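J.: need the 3D shape of this:
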Amino acid sequence: MRYRRRYREVLLLRLGERNQPDLPLSPAPVEGHTGTYTDMAMVSAPRLRPAARAVVLDAGARVLLVHFVFGTVEHLPNGLWACPGGGIEPPETLADGLRRELREELGLDIVEVGPPIWRKEHVFPMGSGWDGQRDTFFLVEVDTFDPCPTLSAAELLAENLNAWRWWTIAELQAAQTAYDAAPQDPSVLTFSPRRLGDLITDLLANGRPRELLQLDPV
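T.: Sure thing, here's the model as predicted:
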């Protein structure tokens, strides 16, 4: 807990979100170690929960997104649309976790999982010992289908998921344009990643990126 408190204090000071005296330069002790740990780089590194997500595309160039609702998050009053997937449960690999998540959220069974296409790292308060999440995205091409989750509606809502929808590229581009014009307007649709419309457009035009693409944190 001491490590997490110190990390958040350093992060808040860097963001200028509170006025506090400068932290001492001497390293803080790390719980679970004998004596004082002197590697400040390790002390300041956030613990990111590994997660796997799928960019699900059908033959008509539509993308399947799921909707998350967060009743207590003021800047997301309408929730957000995101790629299906979620956190990895040890000892799962990313591919194993992605298969499980797609089966639970969509009723979609996949066999082959190709190389990842995008990665997004986001530091935010999560609890459960994590300081944020590292999402790894995979392209999954499928025939059009109607999602039939293996989890119940109540189980999905417990994970903040309450809907799904197929999006055409024109709809995504229109939503992206509206968001770019007024990102603070609570009435516009919000996506994760925020540049999802542009990313999908590029993916359809150019195919898989040759190298893993590192995305912005949100």
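
J.: can we go C-alpha only for contacts and neighbour counts from here?
T.: Noted.

J.: how about the helices in this structure?
T.: 2-15, 40-43, 94-106, 153-158, 169-181, 196-206 (DSSP state H).

J.: which one of the ones you listed lies closest to A51?
T.: helix 94-106 (7.1 Å; CA to CA).

J.: so of the helices of the chain, which one's packed in deepest?
T.: helix 94-106 (a mean of 22; mean count of other CA atoms under 10 Å).

J.: mind saving the C-alpha coords of that one as CSV?
T.: These are the backbone C-alpha positions of helix 94-106, laid out as CSV (Å, rounded to 0.1, in the frame of the first residue of the first chain):
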residue,chain,number,x,y,z
LEU,A,94,-3.7,-12.8,-24.0
ALA,A,95,-5.1,-15.2,-26.7
ASP,A,96,-6.8,-17.4,-24.1
GLY,A,97,-8.3,-14.4,-22.3
LEU,A,98,-9.5,-12.9,-25.6
ARG,A,99,-11.3,-16.2,-26.5
ARG,A,100,-13.0,-16.3,-23.1
GLU,A,101,-14.1,-12.6,-23.2
LEU,A,102,-15.6,-12.9,-26.7
ARG,A,103,-17.5,-16.0,-25.7
GLU,A,104,-18.8,-14.4,-22.5
GLU,A,105,-19.7,-11.0,-24.0
LEU,A,106,-20.8,-12.0,-27.5
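
J.: how is this structure divided into domains?
T.: In the domain annotation for the chain, the residue ranges read 2-43, 48-214 (automatic domain parsing).

J.: in TSV, list those domains along with mean pLDDT.
T.: Listed next are the domains of the chain as TSV, based on pLDDT from 0 to 100:
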stretch	mean pLDDT
domain 2-43	39
domain 48-214	92
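
J.: now do the contacts for C83.
T.: Neighbouring residues of C83 by CA atoms under 8 Å, 6 or more residues apart in numbering: R53, A54, V55, V56, L64, L65, V66, S192.

J.: quick revisit: mind putting the helices of the chain in TSV, distance to P217 included?
T.: Converted to TSV, those look like this (distance: least, CA to CA, whole Å):
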stretch	distance to P217
helix 2-15	15
helix 40-43	20
helix 94-106	19
helix 153-158	25
helix 169-181	17
helix 196-206	12
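
J.: excluding chain neighbours, give the residue nearest to Q173 in space.
T.: Once flanking residues are discounted, Q173 sits nearest to G197: 5.3 Å by CA to CA, 6 or more residues apart in numbering.

J.: please report how far that neighbour lies from V56.
T.: Distance of G197 to V56, computed by CA to CA, to the nearest Å: 14 Å.

J.: quick revisit: separation between the residue nearest to Q173 and E141?
T.: According to CA to CA, G197 stands 17 Å off from E141.

J.: what does L204 give?
T.: Counting by CA to CA, the gap between L204 and E141 amounts to 12 Å.
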